[in-house]
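>>> The following block contains a protein sequence and its predicted model.
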Amino acid sequence: IDHTTSQGIMSKSTLNKMVAFSKLMKTLKEKAEVESVTDLLSSVMTIFGLKEHFKKISKTNDEYEDRWANVMELCLMAERYSEDGPCFIQSNKSARDNEGDAGGSWEETPLGNFLDDISLLTDVQEDSSGDECENNVRLVANLMTIHASKGMEFDA
């Protein structure tokens with residue numbers, strides 16, 4: 001974040017939070033270039049204090065255990081991609097130098113494949129909701145994009 005262009009646009013407090021968030025995202029991006037999907041997911045959970053957050057927001061111990069069980073299931077699914085190497089693999093160094101340039105070519109990545117598979121599971125759940133019998137248990141994880149979360153509040 002460029003400090004010189006942001007003066008007058010947002011408060012110093014907000015700017016400091018944005019700088020901290022930007023550094024955090026850069027750290028996660030760097031981790032994704034060397035860590036497997038499983039390790040990156042673990043890093044995200046640790047950095048954002050997901051377990052503590054669930055303990056804080058859950059009204060009962062059962063609710064907390066259900067939430068954490070869902071996260072652990074997501075981690076188990078991520079293990080299928082752990083032997084595929086780092087999350088991000090860019091085939092073209094010039095694309096890294098020109099981030100955001102549509103001309104750079106990207107290879108299929110373990111993280112991309114994992115997210116595609118997870119989103120397909122979510123689509124399958126939405127398509128067949130109501131078609132399940134009582135004994136048919138489905139494994140599904142829901143992801144939320146920044147656009148989808150717009151308007152929702154989260155503790156910082």
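Nice, thanks for sending it over.
>>> gap between P110 and F48?
21 Å (CB to CB, to the nearest Å). Backbone N, C-alpha and C define where each C-beta goes, glycine included.
>>> Those two: who's more crowded?
P110 (23 against 13; other CB atoms under 10 Å).
>>> and that one, what does it touch?
When contacts are counted by CB atoms under 8 Å, 6 or more residues apart in numbering, P110 is found next to 36-37, 81, 84-87, 89.
>>> Closest one to E52 out of these, please.
V37 (22.7 Å; CB to CB).
>>> What is the neighbour count of that closest one?
27.
>>> per-residue pLDDT, it?
Looking at V37, its pLDDT stands at 91.
>>> Just give the closest residue to it, not the sequence neighbours.
Setting aside the residues directly before and after it, V37 is nearest to Y81 in space (CB to CB, 6 or more residues apart in numbering), at 4.1 Å.
>>> is it fair to say that neighbour lies in a helix?
Yes: applying DSSP: H, G, I helix; E, B strand; the rest coil, one finds Y81 inside a helix.
>>> Can you report how many residues lie near it?
Count around Y81 with other CB under 10 Å applied: 22.
>>> List the residues that contact it.
Counted by CB under 8 Å, 6+ apart, Y81 has contacts 36-38, 110-111, 113-114.
>>> Need the max-distance pair from the residues you listed.
Counting by CB to CB, the most remote pair of those is T38 and N113, 13.2 Å apart.
>>> quick one, which of those two is more surrounded?
Using other CB under 10 Å as the criterion, T38 and N113 rank with T38 on top: 20 against 15.
>>> Provide a list of residues in contact with W68.
For W68, the contacting residues are 51, 54, by CB under 8 Å, 6+ apart.
>>> D39 and K12, how far apart?
Relative to K12, and taking CB to CB, D39 is found at 35 Å.
>>> Comparing those two, which residue is more hemmed in?
Each of D39 and K12 has its neighbours counted (other CB under 10 Å); D39 has more, 16 against 10.
>>> I57 versus the more buried one, what's the distance?
Plainly put, D39 is 26 Å away from I57 if you go by CB to CB.
>>> follow-up on the earlier one: generate a markdown table for the contacts of Y81, with secondary structure as supplementary columns.
Output for those, formatted as a markdown table (three-state DSSP):
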| residue | secondary structure |
| --- | --- |
| S36 | coil |
| V37 | helix |
| T38 | helix |
| P110 | helix |
| L111 | helix |
| N113 | helix |
| F114 | helix |
